[in-house]
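S.K.: Structure for the following, please:
(2 chains)
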Amino acid sequence: MTKWTFWVGTFVAVAALWGINYSLEEYANPYIVRVIINCGIALILGLSLNLVNGCAGQFSLGHAGFMGIGAYTSILLTTLSNIDFFQSPMGIGWAVVAGGGAAALAGYLVGLPSLRLRGDYLAIVTLGFGEIIRIFFLNMEFIGGARGMPGIPRESNFFWVYLWAAVTFIFMYRLIRSSTGRAILSIRENEIAAEAMGIDVARYKVVAFVISSFFAGIAGGLFAHYQGFIDPSTFNFNRSVEVVIMVVMGGMGSFTGAALGALLVTLLPELLRVFAEYRMVIFSASLVAVMLWRPMGIMGHKEIWHFFKKKGEA
Amino acid sequence: MKPVKKALGLLSLSLIIFSASCTKKDASTSTQAANVMVGEELIFGEFGSMTGSESTFGVSTHKGIMMAVDEVNAKGGVKGKKIKVVSYDDQGKSDEAVTVVTKLLTQDKVHVLLGEVASSRSIAVAPIAQQYKVAMISPSSTNPKVTQLGDYIFRVCFIDPFQGSVMAKFALNNLSLKKAAIFRDVKADYSMGLANYFAQEFKKMGGEIVVDVSYSSGDVDFKPQLTQIRDKKPDVLFVPGYYTEVGLISKQARELNFKGVLLGGDGWDSEKLTEIGGDSIVGGYFSNHYSADDQNPAVQNFVKGYQAKYKEVPSGLAAMGYDAAAVAIDAANRATEMSTKGIRDALATTKNYPGVTGVITINDERNAVKPAVVLKVTGPQKFSYIATVNP
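M.R.: Alright, predicted model coming up:
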């Protein structure tokens, strides 16, 4: 890889995103644009949780909590602060990053003690954490409390959401092929063996957890600035479960699988709208069907290009 | 180089998806705020929580709306046009509500929006209705903020603070009690609004507030404040909270030998109230939107019609869904121009419309000015109709 091709590639990619964004806003039906953007936000959520639930083999049930922290932190900067810097469209990008940072910090604080635990305990701690966060927001009157927070500038769009989705995907893809990534994978395969090989298990679990929380916070910030309104019940336990479903359905540990899961979980309920009140029944039944026929998820541990390569090459 | 190639691959994929969605493009999206004329049929867009933990809200409201629309369609519709209702489920989630309202406005091209029950979801979607300039009528969002979000946002229910003045009038005029205490929930907007308006109206009409203390929702021990209240010997205690705390408060008040009458707002309206409060709450009064026991012929006709159609007693939410649709139909009938703007303008001038939940007038703030009913707790899960209090 030469530096030159890398920069040209990046430039073309960003320009293409910008172009698509412009044409979507000008010509496409707003409802379809909304569904596409919801998919993008789900992609970031699914890809980030995959690192903890899929690659590190831990079970986190508090992704919505981190998303909530990102959302509320970023709106504090754009909507409730008087700093002009954050009111501009570019500034929203910075506020979203700040949201991710706050979520990462929270992830570090939660992860540090609880990732020393094994198995189901982490699920319970993260579940509890998610609920604590939600109830904390519920009781904060200055960010709207239970009534919610209206009037957030609607500045995130296709460009920002898919730029971040691409960044998340590339980051995860590179990470898992680095020594850190290999260490994280080894924890999933066998924690005791990994420890015997000299891997600081607790440390790598925290690393995975913090990175995952960071991107969840980013997704939250983008979500808040796309909706223009957030309330604490948006970040309840059900949303955490939704993200877990994306990962489990797509295939634990496969990033293209998590992406596919995210798309399915977002698109299916929309496509099934014609069935009115039965749509959630059909949606749930299709989830059960996937789990019956492919218990390892649609992709399993594999990435999508593994299916196109000749045997022996992967 | 691999990841960049992958990213480009992803991009081209999204490009394909995009070009597919683009073919559905039509002219009206670029002029989104245009005044849309009503075509062959008048389309109502309804969105509500048909599934999820609040599904009873959405389903009851939907039944009320469908009843109103079916009645009018059976008589030939509005100005010869049949009404079509497109309804979508938002699962009780605010982000889903925003998505379905976008769909209703841009794909189904509805002329009037009906929804939501919960104030937070109405607040979430109101800016979108405003952006596309389509009138939105909330059947039962009582938070004052909802209609402040734009001049296309209406409601057919009264707002929270109004109940405070209703109970003040009721205590003075119907119960002739002049010494009141207030016990408010500092954490709820709703409770603060009711308490403030109660105090204001009660003092204005010559009553006396002897003590005004507070609690926070989630508390379980109210005895310190209740002792303070008891020692001032008020005739009535106004507790504008939600049923869980109210049940506990009434129980502890009676344990402390408090003799006054308890009053409250529609936050009391739950079968859990008597489950938690037991006998202690019996004899208390609270304000509400509607009562199926009201002997007013408009109410009794509605109850009969509803029972014939759905084989159940209509809840307050069904009655308000009915009224929301009926007010929209009335506005379409009066509209000088059959268009989204014409209907909006007619809605704003709704005056003395005889609805099921009372005579409705829409004021300058697009809120409904209408009476409230006062119910008395008479036994386990039994609330009986006592009076109608006009604004």
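S.K.: got the end-to-end distance for stretch A:185-194?
M.R.: 9 Å (C-alpha to C-alpha, to the nearest Å).
S.K.: Now do the buried residues in stretch B:77-97.
M.R.: B:77-78, B:81, B:83-97 (16 or more other C-beta atoms under 10 Å in any protein chain shown). C-beta coordinates here come from the backbone N, C-alpha and C atoms, glycine included.
S.K.: and the residue most central in space within chain A, what element?
M.R.: Compute the mean C-alpha point of chain A, and by C-alpha atoms, centre = their mean the closest residue is residue A:45, 1.3 Å away. Taking DSSP states H and E as the definition, residue A:45 sits inside helix A:30-49.
S.K.: chain center to that helix: distance?
M.R.: Centroid separation between helix A:30-49 and its chain, computed with C-alpha atoms, centre = their mean, to the nearest Å, is 9 Å.
S.K.: Write out the residues of the stretch 101-250 of chain B neighbouring chain A.
M.R.: B:102-103, B:105-107, B:119-120, B:123-124, B:126-127, B:143, B:145, B:149, B:187, B:189 (C-beta under 8 Å from any C-beta of the partner chain).
S.K.: make it 10 Å
M.R.: Counting by C-beta under 10 Å from any C-beta of the partner chain, the residues of the stretch 101-250 of chain B close to chain A are B:101-108, B:118-121, B:123-128, B:131-132, B:143, B:145-146, B:148-149, B:186-190, B:216-218.
S.K.: Quick check on those: which are buried?
M.R.: Here, 16+ other C-beta under 10 Å leaves B:101-106, B:108, B:118-121, B:123-128, B:131-132, B:143, B:145-146, B:149, B:187-190, B:217 buried among these.
S.K.: hmm, back to that, keep only the buried residues of stretch B:77-97 that also lie close to chain A.
M.R.: Among the buried residues of stretch B:77-97, chain A is touched by B:87-89, B:91-97 when using C-beta under 10 Å from any C-beta.
S.K.: where exactly do the helices run in chain A?
M.R.: Assigned by DSSP state H, the helices in chain A fall at A:3-27, A:30-49, A:63-75, A:89-114, A:120-138, A:158-176, A:179-189, A:191-196, A:201-227, A:237-250, A:255-271, A:279-293.
S.K.: actually chain B, not the one I typed
M.R.: B:2-22, B:55-74, B:94-106, B:119-132, B:160-169, B:189-204, B:223-231, B:243-255, B:272-277, B:297-310, B:316-334, B:340-348.
S.K.: Next, the angle from the fifth one to helix B:119-132.
M.R.: Looking back up the chat, that one is helix B:160-169. Per axes from the mean of the first three to the mean of the last three C-alpha atoms, to 10 degrees, the angle that helix B:160-169 makes with helix B:119-132 is 130 degrees.
S.K.: picking up where we left off before, the residue nearest to the centre of chain A touches residue A:63, doesn't it?
M.R.: Yes - using C-beta atoms under 10 Å, residue A:45 makes contact with residue A:63 at a distance of 6.4 Å.
S.K.: OK, contacts around the residue in the stretch 201-314 of chain A that chain B sits nearest to?
M.R.: The minimum distance from the stretch 201-314 of chain A to chain B, using C-beta to the nearest C-beta, falls at residue A:229 (4.1 Å). For residue A:229, the contact set (C-beta atoms under 10 Å, 6 or more residues apart in numbering or on different chains) comprises A:75, A:144, A:148-152, A:154, B:94-95, B:97-98, B:120-121, B:123-128.
S.K.: That concludes my questions; thank you for your assistance.
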